[in-house]
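Student: Task: produce atomic coordinates for the following.
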Amino acid sequence: MDRNTVDWKGYIPAITTPFKEDGAFDVAAFSTLLEWLHGERMHGLVIAGTTGEWFSMTRAERAEQMKMAGAQLGGKTTLLAGCNAYTAAEAIELAGIAHGAGFDGILLTPPPYVVPTEDETFAYYKTVSDAIKLPICVYNWPRGTGIDMSVQLLSRLAELDKVVAIKHSTGNIGHFLNVFFALRDHVRVFGFTMDELGLTLVHNEGGDGTMGAGGVLGSAQPDFYNAIWRGDLDSARRCGAQDRAIMTNWFNSDYSARFGSPQSVFKAALNVQGLPGGYVRPPLLDLSSADEEKIRGVLGALGRKLV
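Tutor: Numbering: from 1, shown residues only. Have a look, this model is predicted:
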């Protein structure tokens, strides 16, 4: 497998998982969220990633979520399953569930908290790659794993049979660019910002796409890419400016939130628009009323309909 094995491109948000106030997985709200995102023409969805709070869900809940998403949207849009885990055996088990549910691939970080060496990280991915059927998007997530994978390591991973893409969520723009230009012929690279730099790289250099931000702006986010692909760069800039407004006002350069957690921020952004965000699950906390007003202020300035 390589980048040409899959057709993944454009805006593929890592989506939230709605929980009820008592912490239960809100099945009905999740189904509604999937339908809304699909109706807003997302180019795909990442289920049960970091934004989806995989870390506070049981294996049974993650399996239920994958099966639901596959039954509802399998074959209709690209579906990637977050299979993050502390051991390769766990990741392999989750990937098998995703395959059975009709997913198109998996998203996989190095084991969080562990801070493995480069050889240990390579061995982890190789074990998973050798054991599963689905393509892999390697997720470089320094803030969550404690390591920012080097060009050399990512180059080694790109040679593994199932690796077809990299979600490169580093805060180091130089590192992002080095990886993109080194590996773009071998794997799809995701993580482009929706600003003038991202627009230029997508339009002139064949940049692949973005995974993140929960899809909370609806069609404006995929339309950044749709406009670039049809050569309407002014429309792309207008769409990108909306994404930049939420990313610069709510987040830091390393993708940490300026207030609350990324998950609570995105859920609040959905809730104030009358969409099914729901609650976060402990150890995370929902936003305070004052912080929710910051969400309302930005979305209101963008002309989003609020409730």
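Student: Could you look up the SS state of the nearest residue to Ala301 once chain neighbours are set aside?
Tutor: Distances taken as C-beta to C-beta, 6 or more residues apart in numbering place Ala245 nearest to Ala301, at 7.2 Å, with adjacent residues excluded. Just so you know, the C-beta spots here come from the backbone N, C-alpha and C atoms, and that holds for glycine as well. Counting by DSSP: H, G, I helix; E, B strand; the rest coil, the backbone at Ala245 sits in helix.
Student: Tell me who's in contact with Ala245.
Tutor: Applying C-beta atoms under 8 Å, 6 or more residues apart in numbering to Ala245 gives the contacts 298, 301-302.
Student: could these be laid out in TSV, adding distance to Asn172?
Tutor: Below are those laid out as TSV (distance: C-beta to C-beta, whole Å):
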residue	distance to Asn172
Val298	26
Ala301	30
Leu302	28
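Student: Same list, these, but as a markdown table with neighbour count please.
Tutor: As requested, these are exported to a markdown table (neighbours: other C-beta atoms under 10 Å):
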| residue | neighbour count |
| --- | --- |
| Val298 | 17 |
| Ala301 | 11 |
| Leu302 | 14 |
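Student: which residues of the stretch 201-307 of the chain fall in helices?
Tutor: Using DSSP state H, counting those that start in this stretch, the helices found in the stretch 201-307 of the chain span residues 220-229, 233-250, 262-271, 289-301.
Student: for those, which one ends up most surrounded?
Tutor: Among these, helix 262-271 has the highest mean neighbour count (mean count of other C-beta atoms under 10 Å), at a mean of 25.
Student: Run the chain-centre distance for that helix.
Tutor: In terms of C-alpha atoms, centre = their mean, to the nearest Å, the centre of helix 262-271 is found 14 Å from the chain centre.
Student: Packing partners of that helix?
Tutor: If you count contacts as 3 or more C-beta pairs under 8 Å, 6 or more residues apart in numbering; DSSP states H and E, helix 262-271 packs onto helix 289-301.
Student: picking up where we left off before, closest to Thr51 among the contacts of Ala245?
Tutor: Closest to Thr51 out of the contacts of Ala245 is Val298 (17.9 Å), distances taken as C-beta to C-beta.
Student: Buried residues, stretch 39-46. List them.
Tutor: 40, 42-46 (16 or more other C-beta atoms under 10 Å).
Student: Which phi and psi values does Ser129 adopt?
Tutor: For Ser129, the backbone dihedrals (degrees, to the nearest 10) come out as phi -60, psi -40.
Student: ok, it - contacts?
Tutor: Counted by C-beta under 8 Å, 6+ apart, Ser129 has contacts 136, 160-163.
Student: can you redo the contacts of Ala245 as TSV with distance to Trp250 and pLDDT?
Tutor: Formatted as TSV, these follow (distance: C-beta to C-beta, whole Å; pLDDT from 0 to 100):
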residue	distance to Trp250	pLDDT
Val298	7	98
Ala301	13	98
Leu302	12	98
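Student: Please state the offset of stretch 59-76 from the chain centre?
Tutor: With C-alpha atoms, centre = their mean, you get 16 Å for stretch 59-76.
Student: May I have that stretch as CSV, with CA atoms only?
Tutor: What follows is stretch 59-76, C-alpha atoms only, in CSV (Å, rounded to 0.1, in the frame of the first residue of the first chain):
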residue,chain,number,x,y,z
ARG,A,59,-13.5,-1.0,24.6
ALA,A,60,-17.2,-1.9,24.3
GLU,A,61,-18.2,1.7,23.8
ARG,A,62,-15.5,2.2,21.2
ALA,A,63,-16.7,-0.9,19.4
GLU,A,64,-20.3,0.3,19.6
GLN,A,65,-19.4,3.7,18.2
MET,A,66,-17.5,2.2,15.3
LYS,A,67,-20.3,-0.2,14.5
MET,A,68,-22.9,2.7,14.6
ALA,A,69,-20.8,4.9,12.3
GLY,A,70,-20.1,2.1,9.9
ALA,A,71,-23.8,1.1,9.7
GLN,A,72,-24.9,4.7,9.2
LEU,A,73,-22.2,6.1,6.8
GLY,A,74,-20.1,3.1,5.6
GLY,A,75,-19.6,3.4,1.8
LYS,A,76,-21.0,7.0,1.9
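Student: which residues sit against that stretch?
Tutor: So stretch 59-76 is contacted by 17, 25, 27, 30-31, 34-35, 38, 45, 47-48, 52, 54, 57, 79, 81, 90, 93-94, 97-98, 101-103 (C-beta under 8 Å, 6+ apart).
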